[in-house]
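In: predicted structure and sequence below. I'll ask about it afterward.
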Amino acid sequence: MKEKLEADQYKLTVRREQVLRVLLENKDKHLSAEEVYYLAKRKTPDMGLTTVYRTLELFLLKNIIYSLDFGDGRRRYEFYGWVSDNYPHYHLICTQCGTVIEVHEDFPGGLENRVGKELKFKVESCQLKIFGICKKCALKTLKSLTG
């Protein structure tokens, strides 16, 4: 990642490195900018929220991370596949509690491959989000209905 930044004359500063470290330490989560800020500030007390936003935008620009919107009005961040072993994967989002469940199974024939071959469309990235109700919330609803 350092080389990726430095190739375009960007330096991996202490603050950028701290943001990167927070993302790496929490790569199984989908952190918002505010959550990254809170976690980074623990180790770098003079970290500013603006710095976190600028750093995340730079990482987006350099294709180190990408952003996701799970319908809660907050952008969340995740590494591209070359950084993470969680790719490709898809997200199930509970519309009641906001829980995000990652699905690490590829669809038969690979969704991206099928789209590419059948529709002659070059897929650059793919985000599949399925909205519904998680098991925990469904059980809560069932219990409240049955008394």
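Out: The structure has been received and is ready for your questions.
In: now tell me which helix or strand of the protein has the poorest mean pLDDT.
Out: One helix or strand of the chain scores below all others by mean pLDDT, DSSP states H and E: helix 2-6, with a mean of 70.
In: grab the nearest non-local neighbour of residue 74.
Out: residue 32 (4.5 Å; C-beta to C-beta, 6 or more residues apart in numbering). Every residue, glycine included, has its C-beta placed from N, CA and C.
In: for the one you found, give the beta-bridge partners.
Out: Per DSSP bridges, the residues bridged to residue 32 are residue 76.
In: and it, how far is that from residue 96?
Out: For residue 32, the distance to residue 96 (C-beta to C-beta, to the nearest Å) stands at 19 Å.
In: and the residue nearest to residue 74, how many residues sit next to it?
Out: By the criterion of other C-beta atoms under 10 Å, residue 32 has 18 neighbours.
In: tell me the contacts of it?
Out: The contact partners of residue 32, taken as C-beta atoms under 8 Å, 6 or more residues apart in numbering, are 74, 75, 76, 77.
In: want to throw those into a markdown table with neighbour count?
Out: Listed next are the contacts of residue 32 as a markdown table, based on neighbours: other C-beta atoms under 10 Å:
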| residue | neighbour count |
| --- | --- |
| 74 | 16 |
| 75 | 17 |
| 76 | 20 |
| 77 | 24 |
